[in-house]
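Trainee: Pasted the sequence and its predicted model underneath.
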Amino acid sequence: MLSRVAENLYWLARYMERAENTARMIQVNANLVLDLPGGVTAGWAPLIRIVEATEAFEASGRKYGERGVIAFLVGDYDNPCSIVSSIALARENARTVRDMIPRELWEHVNDLHLYAREHLKGGLARRERHQHLQYVIEAAQAFTGILEGTMIRGMGFRFLSAGRYLERADMTCRIVDVRSSSLLVDKEAESLKPYENIQWMSVLKSLTGYQMYRLKKRVRVHSDAVVEFLMLDDEFPRAVYSCLGHLEVQLSSLPNNTDPLRVVTRLRRHLLEQPLRDVRADSLHAYIVEVLEGLGEVHDSLAQNYFDPELATRRA
C-alpha cells in the first residue's frame, strides 16, 4: 500500500471521529447549561480549550458566548476542528481513496458533506441545532457501522481503525482534562457537591458513557470514579486504555510495526503503573498531559513509519 493511501485512510477516520466528538460535546454542553441552577454556569469557553483552539478563536474576533463558540465549532471553514471542516476534510480524504473503501462508505461520507454544507444555518440556529448535531452523530456512527460491516480486514481497514481509536483517546483525555480543571471543587464544600455531580454526569454523557458507567461501577457519579472509568476501563470503547488496546491489535497486523507497537505498549503500561487513586486534583492535569504527549508519540511513530512525517505533523 502506498504511504499516501495509508495516510488518507488514517485521516479519513480521524476527521469523522472528530466531527462526531465535537457534535457530542456541543450538544451535552447545551444541556448542561439548562440543567444548572441560576448563579451556577458551565460557560462555553471550555469547549474552545478542549479542542486547543484558543488562539485561533480569539483571532477570529468572536466572543466567548454561546453564539460565538457555536459559530466557531460548527460552521467555521477556517477552523479545522469545526464540524463542517472536519466533514469536508473527511470527504476529501475519502475521495482520494475511493478505490480502497466500499462504495457505500464513500457515498455516505459524500452525502454527509452535502448535508453539513446545505444545512449549515440550521446548525447555527438554537431551534434547529439539536437536530443538526444529532444527524451528524448518527451519520458518524453509521460510518463506523458501514466500515465494520463491509470492509475487508486488510491494511486499509487497519489504518482506518488506528485513526479512529487514536482520535477517540485524544478527545477523551482533553474532555477529562479541561472539564476537571473547572469541576474539581473543594470536597469540603458540601453545597457544591450536587453541582459537581451534575457536571461530571455531563462529562460521561459527552462520551456516551453515563449508562455504561452506572452498569460497570454501580456507584453514584463522582469525580474519582468517573476519571478512573474514562481513563483506565478496558471494556468501555471510549476509555483511553481500551482505545489503546484496540489500537495495539490493529498495529499488530501491520508490517514494520515494531516502533509504533512499542510506543503504544509503553503508554498502556504507564497508565496501569500509576493508579489514579494516587493522582490528586492538583496533579490530574499533569497526568493527562503525560498521556496526551504519549498519544502524540504514537502519532509521530505512525507518521515516521508509514506516512510523510512533515505532512502528518501539519495535519495534526
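Mentor: The structure has been received and is ready for your questions.

Trainee: Pull the residues that contact the one helix or strand residue 250 maps to.
Mentor: Using DSSP states H and E, residue 250 sits in helix 240-251. The set of residues that contact helix 240-251 without belonging to it, under C-beta atoms under 8 Å, 6 or more residues apart in numbering, is 158, 161-162, 165-166, 168-169, 172-173, 230-237, 257, 260-261, 264-265, 267-268, 271-272, 291, 298. C-betas here are computed from N, CA, C, even on glycine.

Trainee: what do you get for stretch 168-183?
Mentor: Under C-beta under 8 Å, 6+ apart, the answer for stretch 168-183 is 17-18, 21, 25, 46, 49-52, 196, 199-200, 202-203, 206-207, 223, 227, 230-231, 237-240, 243-244, 247, 281, 284-285, 288-289, 291-292, 295.

Trainee: Buried ones among the residues you listed?
Mentor: Judged by neighbour count, with 16 or more other C-beta atoms under 10 Å as the criterion, the buried members of the contacts of stretch 168-183 are 17-18, 21, 25, 46, 49-51, 196, 199-200, 202-203, 206-207, 223, 227, 230-231, 238-240, 243-244, 247, 281, 284-285, 288, 291-292, 295.

Trainee: what pLDDT does the residue nearest to residue 1 when sequence neighbours are not counted get?
Mentor: Of all residues not flanking residue 1 in the chain, residue 155 sits nearest, at 5.0 Å (C-beta to C-beta, 6 or more residues apart in numbering). At residue 155, the model reports a pLDDT of 95.

Trainee: these two touch, right, residue 155 and residue 5?
Mentor: No. Counting by C-beta atoms under 8 Å, residue 5 is not a contact partner of residue 155; they are 9.0 Å apart.

Trainee: pLDDT below threshold where in the protein?
Mentor: With pLDDT under 70 as the threshold, the chain has low-confidence stretches at 35-42, 181-195, 275-282, 309-316.

Trainee: can you list the domain ranges for it.
Mentor: Here the chain is described, according to automatic domain parsing, as comprising the domains 1-151, 153-316.

Trainee: For residue 137, give me its contacts.
Mentor: 20, 23-24, 27.

Trainee: Can you add neighbour count, distance to residue 180 and secondary structure and give the residues you listed back as CSV?
Mentor: Compiled in CSV, the contacts of residue 137 are given as follows (neighbours: other C-beta atoms under 10 Å; distance: C-beta to C-beta, whole Å; DSSP: H, G, I helix; E, B strand; the rest coil):
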residue, neighbour count, distance to residue 180, secondary structure
20, 27, 22, helix
23, 25, 22, helix
24, 21, 18, helix
27, 19, 20, helix
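
Trainee: Pick the one among those closest to residue 148.
Mentor: Distance to residue 148, by C-beta to C-beta, is smallest for residue 20 among those, at 14.9 Å.

Trainee: what secondary structure does the residue lying closest to that closest one once chain neighbours are set aside sit in?
Mentor: With C-beta to C-beta, 6+ apart as the criterion, residue 20 has its nearest non-adjacent residue at 3.5 Å, and that residue is residue 140. Under the three-state scheme (DSSP: H, G, I helix; E, B strand; the rest coil), the conformation of residue 140 reads as helix.

Trainee: Residue 140: neighbouring residues, count only.
Mentor: With neighbours defined by other C-beta atoms under 10 Å, the count for residue 140 comes to 27.

Trainee: Residue 62 too?
Mentor: In terms of burial, residue 62 registers 16 neighbours under the definition other C-beta under 10 Å.

Trainee: Is it in a helix, a strand, or coil?
Mentor: Going by three-state DSSP, the secondary structure assigned to residue 62 is coil.
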